[in-house]
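Enquirer: Got a predicted structure here, sequence first:
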Amino acid sequence: MLLTDFDALTFDYYGTLIDWESGIIEALIGLTDRVQRPLTREQILEAHARHESSQQRYTPAKLYRDLLPIVYKRLAEEWNAWRPNAQLTSITKQLLIAMLKSRPSDRKSTRLNSSHLVI
């Protein structure tokens, strides 16, 4: 099999080049610290994925940045750790920033991690 045998290559880089899960965990600390019972990393990620995918099915055209406050609100309600609405915009920004920070920040690391890929 040669590379020239293919017309296109795709690569799912989340979880390989971007540590999306750590970004989610970091961004939700302000919420998870308010939960009465400790949550495991897996419980946090599972709940986030469940609410995210549910909302994406319900409103498929919604921008991701507009989806995050809804997911956050549902997590807060599920965990009985609600914060006032005024903080949702700030929390959404924190969530996006934390997720983006968990991706490789310099071209050298991206090149090294993707040397076998066509992106």
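Expert: Received the coordinates, thanks. Numbers count the residues shown, from 1 in each chain.

Enquirer: Buried ones in stretch 34-45, by neighbour count?
Expert: For stretch 34-45, burial by neighbour count (16 or more other C-beta atoms under 10 Å) applies to 35, 39, 44-45. C-beta: built from backbone N, CA, C; applies to glycine.

Enquirer: typed the wrong thing, it's stretch 51-66
Expert: 51-52, 55.

Enquirer: what do you get for stretch 69-87?
Expert: Residues 69-76, 79, 81 are the ones in stretch 69-87 that count as buried (16+ other C-beta under 10 Å).

Enquirer: Nearest to residue 17 among those residues?
Expert: Distances from residue 17 to those, taken as C-beta to C-beta, are shortest for residue 71 (23.1 Å).

Enquirer: Could you find the closest non-adjacent residue to residue 52?
Expert: Using C-beta to C-beta, 6 or more residues apart in numbering and skipping residues adjacent in sequence, the residue nearest residue 52 is residue 71, 5.1 Å away.
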